[in-house]
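> sequence first, predicted coordinates after that:
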Amino acid sequence: MSGSSGLIILILFVFLLVLIVLRRSDQKKIQKNNIFRQESLFRGNKSTNHELSQNTTQSENFTGRDDVIDIQAQGESGRVLTIKNKGVVSSEAIDKLQEYRLFKELGYYRQAAEILSELINSNKRYREVEYIVDLADLYIQTEEINKLDELLEDYALLLDTDQLQGIFVRGFYVDPTNYRLQLICSKALKQDPTQLGAVIEKK
């Protein structure tokens with residue numbers, strides 16, 4: 001009897017040892033899983049914090065500037081042109097003609113007009129009908145009729161009658177009482193400006 005009791009005790013002891021080993025093994029697995037989760041969470045938080053930091057930096061840069069623009073387009077040279085904050089273009093070795101065309105395409109007529117005016121006044125190469133008509137159109141779009149007056153005084157002789165008539169009609173539509181434009185019209189077309197929409201103010 002004592003022999004069978006000893007055998008039972010031995011079996012129970014071995015069974016207890018097995019349970020202890022299995023439990024420790026399970027605990028190690030649980031610890032590994034917990035460590036893995038913590039590392040994953042840490043990596044995720046680190047990535048999120050990095051993104052938040054970048055976003056915060058960008059937000060700080062643009063705070064209080066409602067007119068900020070961030071547009072990217074590819075110029076003829078293949079370089080990426082970036083427009084930010086009222087259309088300021090930043091790029092290496094981008095020429096003025098590309099700047100002008102990009103601003104015009106994006107609807108920034110005032111900036112396009114400034115660049116094209118600079119080109120025409122500083123370089124004879126750009127004193128061509130195409131650019132003169134374009135600049136006149138930009139001045140009409142931005143309602144800068146005084147600048148249109150100056151342009152036509154200098155370069156009206158380069159344009160034909162149809163081109164001039166079209167410009168004067170649109171110019172008078174914006175500012176029908178512009179006396180200087182009326183004088184230029186009379187001189188360039190030898191025509192009564194009232195026929196093109198001008199209004200003569202009586203003194």
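Great, that's in hand. Residues are numbered from 1 along each chain as shown.
> in this structure, which spans are strands?
Remark: strands assigned in the chain by DSSP state E are 71-74, 80-84, 88-90.
> what's the neighbour count on Asp162?
8 (other C-beta atoms under 10 Å). Quick note: C-beta positions are derived from backbone N, CA and C, even for glycine.
> ah, wrong one, I meant Ile9
10.
> and it, how far from Leu138?
Applying C-beta to C-beta, to the nearest Å, the value for Ile9 to Leu138 is 103 Å.
> now what about stretch 145-154, what contacts it?
113, 117, 132, 135-136, 139-140, 164, 167, 171, 174-175, 178, 180-181, 184, 188 (C-beta atoms under 8 Å, 6 or more residues apart in numbering).
> report the buried members of the residues you listed.
Buried by 16 or more other C-beta atoms under 10 Å: 113, 117, 132, 135-136, 139-140, 164, 167, 171, 174-175, 178, 181, 184, 188, out of the contacts of stretch 145-154.
> wait, which of those residues is closest to Lys104?
Ala113 (8.7 Å; C-beta to C-beta).
> grab the nearest non-local neighbour of that closest one.
Leu138 (3.9 Å; C-beta to C-beta, 6 or more residues apart in numbering).
> with Ile145 instead?
Per C-beta to C-beta, 6+ apart, closest to Ile145 is Asp175, 4.4 Å.
> residues contacting the one you found?
143, 145, 181.
> isn't the last one up against Tyr173?
Read it as Leu181. No: in this structure, Leu181 is not within contact of Tyr173 by C-beta atoms under 8 Å, at 11.1 Å.
> low pLDDT regions in the chain?
Scanning the chain for pLDDT under 70 picks out the ranges 1-7, 10, 12-94, 203.
> go again using 90 as the cut-off
Low-confidence segments of the chain (pLDDT under 90): 1-97, 123, 125, 200-203.
> in it, which spans are helices?
Remark: helices assigned in the chain by DSSP state H are 2-62, 96-106, 109-122, 129-141, 145-155, 161-174, 179-189.
> first-to-last residue distance for stretch 187-197?
16 Å (C-alpha to C-alpha, to the nearest Å).
> could I get the buried residue list for that stretch?
188-189, 193, 196.
> give me the neighbour count for the residue nearest to Ile120 when sequence neighbours are not counted.
Excluding the flanking residues, the one nearest Ile120 by C-beta to C-beta, 6+ apart is Tyr126, at 4.9 Å. Per other C-beta under 10 Å, the neighbour tally for Tyr126 reads 20.
> quick check, Tyr126 in contact with Ile115.
No: using C-beta under 8 Å, Tyr126 is not in contact with Ile115, being 10.5 Å away.
> the residue nearest to Ile120: what's it in contact with?
97, 116, 119-120.
> most neighbours out of those residues, which is it?
That'd be Leu116 among the contacts of Tyr126, by other C-beta under 10 Å, with 24 neighbours.
> look up how far Leu159 lies from that one.
For Leu116 relative to Leu159 (C-beta to C-beta), the value is 16 Å.
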